[in-house]
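Colleague: Below is the sequence, then the predicted model.
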Amino acid sequence: MPRLFTGLEIPADVAFALSLKRGGLTGARWIDAENYHITLRFIGDVDHVTANEVADSLDRLSNSLSFQLRLTHLGAFGGDKPRALYAGLELNETLTRLQAAQERVLQRAGLPPEGRKFVPHVSLARLRGAAAGDVARFIAEAGRFEPLAFGVGRFVLFSSKDSVGGGPYVVEQTYPLAA
């Protein structure tokens with residue numbers, strides 16, 4: 001059974017700039033730059049019939065418009081027990097509409113609703129045993145986050161192996177966006 005999710009790829013130059021943030025945080029398992037992405041909708045483990053239906057359903061969204069994104073800050077998920085360090089995005093209505101449209105299409109294809117609120121980000125590290133104070137200090141000492149902008153001309157259906165996170169991810173299908 002494939003484990004699927006939709007997302008946006010990160011251009012190589014942006015991924016390289018993000019990778020320079022790596023290091024110096026105890027308990028961090030850094031994600032390889034080639035596996036950076038923005039998850040739009042986690043689908044999960046599905047059978048091949050459902051996977052094909054998902055891929056076909058997503059075709060309906062290729063008339064969505066291309067857009068620009070800006071990564072603007074570092075953050076962490078998990079509060080007092082941080083579990084991930086990420087680069088966060090500036091709010092973007094087009095991105096939000098694309099994600100909501102995917103949610104609707106995938107629910108029509110029979111998938112249950114996504115249980116988590118959509119918080120667009122690029123995961124940089126998985127954290128295990130990192131103290132909240134250490135993570136806050138790391139973010140503060142990382143210095144000014146120079147915004148990283150890039151264009152989005154397609155979204156992707158990714159697959160991954162059941163692992164401890166961070167890849168490797170395989171592009172199963174691409175969906176171009178209208179200019």
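Modeller: That came in fine, so what should we check first? Bear in mind the structure is a predicted one, so any value in this text is a computation, not a measurement.

Colleague: So what's the gap between the top strand by length along the chain and the chain middle?
Modeller: If you go by DSSP state E, the chain has its longest strand at strand 67-77. Strand 67-77 sits 11 Å away from the centroid of its parent chain (CA atoms, centre = their mean, to the nearest Å).

Colleague: List the buried residues for that strand?
Modeller: Buried residues in strand 67-77, counting neighbours by 16 or more other CB atoms under 10 Å, are found at 69, 71-72, 74-76. Placement of C-beta: from N, CA and C, glycine included.

Colleague: Go through those and say which is closest to residue 159.
Modeller: Set against residue 159, the nearest of these by CB to CB is residue 69 (23.0 Å).

Colleague: For residue 65, grab the count of nearby residues.
Modeller: Neighbours of residue 65 under the rule other CB atoms under 10 Å: 12.

Colleague: typed the wrong thing, it's residue 108
Modeller: Neighbour number of residue 108 under other CB under 10 Å is 11.

Colleague: try the one 4 residues further on
Modeller: When neighbours are defined as other CB under 10 Å, residue 112 has 8 of them.

Colleague: what's the answer for the one 3 residues further on, then?
Modeller: Residues near residue 115, counting by other CB under 10 Å, number 6.

Colleague: Need the phi and psi values for it.
Modeller: phi -80, psi -20 (degrees, to the nearest 10).
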